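>>> coords below, sequence missing:
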C-alpha cells in the first residue's frame, strides 16, 4: 500500500517554496514545487480499504492541513 500526503492547496508550503527558489538560483524556471510525504506499507489482504483510509487519516496525515491518497499496489 502507498499513502501519499500533501499539504492542502491553501496551506503555505515553505519547503516546496525553498526548492522552487533553489531551482531558480541554478537557472531552472517554470517549475513550482509542493513537498509532501510518501509512505509504503506492506498490508495483508485481509485489511479492508476503510481501515487503510482510517490509518492514513489518523496516523500518517494531519487532516486539518493535509490531503492524502491511498493506493493498493
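Cool, got the structure. Given the structure is predicted, the values throughout are model-derived calculations rather than measurements.

>>> the longest helix in this protein is where?
When the chain is parsed with DSSP state H, its longest helix is helix 14-25.

>>> and the helix or strand following that helix, which strands flank it?
Using DSSP states H and E, the helix or strand that follows helix 14-25 in sequence is strand 37-40. In the sheet, strand 37-40 lines up against strand 2-7 (antiparallel) (DSSP bridges).

>>> And the contacts of the strand it pairs with?
The contact list for strand 2-7 (C-beta atoms under 8 Å, 6 or more residues apart in numbering) reads 13, 16, 34-41, 52, 55-56, 60-61, 65-71, 73. Backbone N, C-alpha and C define where each C-beta goes, glycine included.

>>> The longest helix of the chain: how far from the chain's middle?
Remark: helix 14-25 is offset 17 Å from the chain centroid, using C-alpha atoms, centre = their mean, to the nearest Å.

>>> could you check the angle strand 2-7 makes with that helix?
Here helix 14-25 points in a direction 80 degrees away from that of strand 2-7 (axes from the mean of the first three to the mean of the last three C-alpha atoms, to 10 degrees).
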